[in-house]
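Asker: A structural model of the following input is requested.
(one chain, ligands or ions: 2)
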Amino acid sequence: MNLTKPVKNMSRYLKRLKEDDEACREALKSGIFLLYHKLSPLLRETSSGIYTLASLKTSDLEHILEKVGKDKHFVNESFLLGCTDKGEPQFSLEVGDIDRSALEQECRGMFVDLRKAFFMLPGPESPLAAKGQALLRWHQTNCFCSATGQPTIRNQSGSFRVCHSSGITYYPKMAPVVIVLVSDGSRCLLARQTMFPLGMYSALSGFCDMGESVEETLHREVAEEVGLEVKNIQYSGSQHWPFPQSSFMLACHATVNPDKTQVNIDKAELEDARWFTYEEITEALRKPPLDPRREPPVFWVPPSYAIANQLIQEWANQQQLSRKLHGLK
Ligand SMILES: NC(=O)C1=CN([C@@H]2O[C@H](COP(=O)(O)OP(=O)(O)OC[C@H]3O[C@@H](n4cnc5c(N)ncnc54)[C@H](O)[C@@H]3O)[C@@H](O)[C@H]2O)C=CC1
Ligand SMILES: [Mg+2]
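Answerer: Ligands and ions are numbered 1, 2, ... in the order given. Predicted coordinates:
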């Protein structure tokens, strides 16, 4: 299948909507809308019991707004998110000043905290739910110019805000974070912070300091948090992460010398850091998603929507392969 042409056309279309206020206003008339109530996305349960992100067409949304006593032009407060596969423009809209239960009833859905929604939504919908929330949050917290204190004004798509007094343009921001799975060849190093849910261990992570490269951050964070020296850095992938503010996660693998694995934990940052065997990791990966009604398991890893999980999966696959090559189970 050749995806180049539609993707290229879609990207050009979206670029125009981002930059051309008139074109974006026009697109609002045939848009698809994700609603958020105080940053919680609206979910709907399908007839087969699966939850999805509720997406409303313009006419349906206008109708609902009027029913709950809101002007239908409130639709224009939406922010452009992207395009569906069919080329329909997608928008997010914060409806936090409208009565929640009235909206839930009219929309036949429910507003769910994003962290919880991640456990309920099918995989591909989580990044869209996160993006919608992140854009709304950024606009809510960037209403004033940090140089003049004057209000900033959004463009129609919401791709930037301008202070007309200073002329400064503000663009939505993500803070770069490096996340790394360190291996000694047969075990991998996972750590937990006190604020993590009970029993959850993840890969090491840290915010990039101003002026640092990914490699510099990675070496510094591993040295700071567990006192180890890493080598053989390999890039794995990236992910936008909405909690607690937007981060841009850059995920890597790295190794340490098998004879230099003694961890020296920075207790101000981490509660614990431990080497885990292949067997422990494969068992943790097999565990079903967390059930809030049960006690959490003693050791578990972040769920599949987190890039930490991808790193751990990749490491386990790599181990499995090398075990096969060496005739081990
Ligand atoms: N998606 C995923 O799989 C994972 C995502 N993460 C995310 O990565 C982020 C960073 O991880 P940590 O190990 O906590 O970072 P970290 O090791 O750099 O420690 C956080 C501390 O760094 C300081 N800091 C420096 N720059 C900051 C900035 N731009 N924003 C906020 N704090 C800053 C603060 O004092 C903060 O308490 C977290 O927000 C976490 O949610 C972490 C692990 C897995
Ligand atoms: Mg850290």
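
Asker: ok so residue 116 is a helix residue?
Answerer: Yes - assignment of residue 116 by DSSP: H, G, I helix; E, B strand; the rest coil places it within a helix.

Asker: and it, how many neighbours?
Answerer: Using other C-beta atoms under 10 Å, residue 116 is surrounded by 12 other residues. The way it works is simple: take the backbone N, C-alpha and C, and place the C-beta from them, glycine included.

Asker: Show me what from the stretch 151-300 of the chain comes close to ligand 1.
Answerer: Taking C-beta under 6 Å from any ligand atom as the criterion, the neighbours of ligand 1 within the stretch 151-300 of the chain are 175, 177, 179, 202, 205-207, 239, 241, 243-244, 247, 249, 269.

Asker: which of those residues are close to ligand 2?
Answerer: 205-206 (C-beta under 5 Å from the ion).

Asker: Lowest pLDDT pick from the residues of the stretch 151-300 of the chain next to ligand 1?
Answerer: Scanning those for pLDDT, the low point is residue 244. It has 89.

Asker: Kindly report the residues of this protein close to ligand 2.
Answerer: If contact is defined as C-beta under 5 Å from the ion, the residues of the chain in contact with ligand 2 are 205-206.

Asker: Flag the shaky bits of the chain, pLDDT-wise.
Answerer: Applying pLDDT under 70 to the predicted model, the residue ranges of the chain that meet it are 1-8, 288-294, 329.

Asker: domains in it, as residue ranges please.
Answerer: Residue ranges for the structural domains of the chain, counted by the TED database, are given in the record as 5-143+150-161, 175-326.

Asker: Turn those into TSV, columns for distance to residue 168.
Answerer: Below are the domains of the chain laid out as TSV (distance: least, C-beta to C-beta, whole Å):
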stretch	distance to residue 168
domain 5-143+150-161	8
domain 175-326	19
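
Asker: Quick one: closest of the ones you listed to residue 169.
Answerer: Nearest of those to residue 169, taken as C-beta to C-beta: domain 5-143+150-161 at 5.2 Å.

Asker: about what we covered before: most neighbours among the residues of the stretch 151-300 of the chain next to ligand 1, please name it.
Answerer: Comparing these by number of neighbours (other C-beta under 10 Å), residue 179 comes first, having 26 neighbours.
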